[in-house]
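K.L.:
3D model of this:
(chains A, B, C and D)
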Number of protein chains: 2
Amino acid sequence: MASTHVGTADAASRILQAAETLFAAKGYDAVSLNLIASSAAVSKANIFHHFRSKSDLYFEVLRNAAAASRVDVGNLPAQSNYDERLAAFARQHLRNYVNHPTRARLLVREFLDGTAQIGQLLTRDEFARNFDQLVNLLKQGQRSGQLRDSFDPDLVATLIIAANVFYFRARVTMRQIGAPIFEQTPDAYSDLIIEIILRGIRT
Amino acid sequence: MASTHVGTADAASRILQAAETLFAAKGYDAVSLNLIASSAAVSKANIFHHFRSKSDLYFEVLRNAAAASRVDVGNLPAQSNYDERLAAFARQHLRNYVNHPTRARLLVREFLDGTAQIGQLLTRDEFARNFDQLVNLLKQGQRSGQLRDSFDPDLVATLIIAANVFYFRARVTMRQIGAPIFEQTPDAYSDLIIEIILRGIRT
DNA sequence: GTCTATACAGGGATAGAC
DNA sequence: GTCTATCCCTGTATAGAC
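P.N.:
Reported below is the predicted structural model:
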């Protein structure tokens, strides 16, 4: 848009991308600027030209990740069948993690660990939006009569999100434990989870 | 047992305890030996007298945490009612986290993040034991005819563990999001979760 | 905008006195 | 067993030339 130069792939974005990958993989404290610099093929001093500090760079990375995630959740096909809509939501939510693992690792880590307040502010919104969307879906299902009135939508939304977060973060280790369910594709896992839950909440 | 000296509260265990608290709160890389030393009222050199290295200290802390957790899961009242037994298991599992937060943070972090292979070996067993116990309970319920045959025990076990882990790690942030379910006590949360799931798996 | 060189603090780890 | 003092390295961050 702004620049007509091509092929340069400017340093700032190279730095951002290297930082995202490394922070996602190892966490904030385990990543040094030396590592980021060499990984981005840039001098360390150059990082400070583009970003005020290490933490500044980190927050910039988080900001981008959160923004990118905002697009990806997208909109679901608005069907009248709430079984389908819930299944679609759960699938899409989990796909969003699995298809963008670095970004997701970053956001989930910050959300769960929540050591830096600024970081939490950035990621909390993302989770809140998903959560609210899901709660609303459940409430609509209750009003429509397809879902029973007597369960707490918050609770069920939590159950779904928790199942997905757990799959994303623990699946490698769970496979080593020998839990065959984690050999399933994300979609299949998601469908099975929803199947159980739906049985518990249908009228 | 060995020593008749009292009141000394020997340095080694002071170090271990300080390290456990700090590692649990901030993670391995964010904690320096200086901090541990001052927190345990011990010189930095003294840490190296008792432990070969920082990572050695960390693994020792993990080992202790895993061992302590092994006791705490305990045995459940063996009732013939599988509704009750599942509810009891879920409650106890979550209590085990909430009543020993530092230990639990340590183990859960290592399990989910799983950066160090040695650490994972130590924590994986704990999770595997809980998981297997739960799966067996579900299988027995199926054999007894109280639970339907057509669900995957792995899946339901995962759902329960995921719900608990999520509650434990995310409850503070989830409260800020405004999810009223996270205002509930752990026991109440656990019971509500199980109620939904049971509806989904009963005959 | 990008680099080399450098400053300075703090990291983990060791030596050696007590 | 515990300390003080020290080593050496790597960390973040800055100065200043190009």
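
K.L.:
Let me see the mean pLDDT of the helix or strand hosting residue A:23.
P.N.:
Assessed by DSSP states H and E, residue A:23 sits inside helix A:11-26. Computed over helix A:11-26, the mean pLDDT rounds to 98.

K.L.:
what does it contact?
P.N.:
The contact list for helix A:11-26 (CB atoms under 8 Å, 6 or more residues apart in numbering or on different chains) reads A:31, A:35-37, A:39-42, A:46-47, A:50-51, A:57-58, A:60-61, A:64-65, A:101-103, A:105-106, A:109, B:115. Just so you know, the C-beta spots here come from the backbone N, C-alpha and C atoms, and that holds for glycine as well.

K.L.:
taking these one by one, which sit in helices?
P.N.:
Among the contacts of helix A:11-26, the members falling in helices (DSSP state H) are A:35-37, A:39, A:46-47, A:50, A:57-58, A:60-61, A:64-65, A:101-103, A:105-106, A:109.

K.L.:
picking that back up, now the buried members of the contacts of helix A:11-26.
P.N.:
Neighbour-count burial (16 or more other CB atoms under 10 Å in any protein chain shown) is assigned, among those, to A:31, A:36-37, A:39-40, A:42, A:46-47, A:50-51, A:57-58, A:60-61, A:64-65, A:102-103, A:105-106, A:109.

K.L.:
Okay, and the beta partners of residue A:202?
P.N.:
Using DSSP bridges, the bridge partners assigned to residue A:202 are residue A:147.

K.L.:
And it, how far from residue B:176?
P.N.:
Distance of residue A:202 to residue B:176, given as CB to CB, to the nearest Å: 32 Å.

K.L.:
about what we covered before: whether the helix holding residue A:23 contacts DNA strand C - can you check?
P.N.:
Yes. Counting by CB under 7 Å from any atom of the strand, contacts between helix A:11-26 and DNA strand C involve A:11-12.

K.L.:
same thing with stretch A:37-46?
P.N.:
Yes. Stretch A:37-46 is in contact with DNA strand C by CB under 7 Å from any atom of the strand, via A:41-46.

K.L.:
Now do that stretch: distance to the chain's middle.
P.N.:
For stretch A:37-46, the separation from the chain centroid amounts to 28 Å (computed by CA atoms, centre = their mean, to the nearest Å).

K.L.:
Endpoints of that stretch, how far apart?
P.N.:
End-to-end distance for stretch A:37-46, by CA to CA, to the nearest Å: 8 Å.

K.L.:
can you give me the mean pLDDT across it?
P.N.:
Across stretch A:37-46, the average pLDDT comes to 98.

K.L.:
can you list the residues of chain A near DNA strand D?
P.N.:
By the rule CB under 7 Å from any atom of the strand, the part of chain A lying against DNA strand D is A:31-35, A:44-45, A:48, A:52-55.

K.L.:
Those residues, buried ones only, as a ChimeraX selection?
P.N.:
Buried residues among those (16+ other CB under 10 Å), as a ChimeraX selection:
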select /A:31,33,54
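
K.L.:
Run through the ones in helices among the contacts of helix A:11-26 and flag the ones next to chain B.
P.N.:
Counting by CB under 8 Å from any CB of the partner chain, residue A:109 from the ones in helices among the contacts of helix A:11-26 sit close to chain B.

K.L.:
Quick one, grab the pLDDT at residue A:128.
P.N.:
As predicted, residue A:128 sits at a pLDDT of 95.

K.L.:
Could you confirm it falls within a helix?
P.N.:
Yes. Per DSSP: H, G, I helix; E, B strand; the rest coil, residue A:128 lies within a helix segment.

K.L.:
what's the nearest residue to the most centrally placed residue in chain A if we skip its chain neighbours?
P.N.:
Geometric centre of chain A, nearest residue: residue A:104, 3.7 Å, by CA atoms, centre = their mean. Leaving out its chain neighbours, the residue that sits closest to residue A:104 by CB to CB, 6 or more residues apart in numbering or on different chains is residue A:97, at 4.2 Å.

K.L.:
packing partners for the helix or strand encompassing that neighbour?
P.N.:
With elements taken from DSSP H and E, the one containing residue A:97 is helix A:82-99. Packed against helix A:82-99 by the contact rule (3 or more CB pairs under 8 Å, 6 or more residues apart in numbering or on different chains; DSSP states H and E) you find helix A:54-73, helix A:101-113, helix A:117-144, helix A:153-177, helix A:186-201.

K.L.:
Centre of the chain to it, how far?
P.N.:
12 Å.
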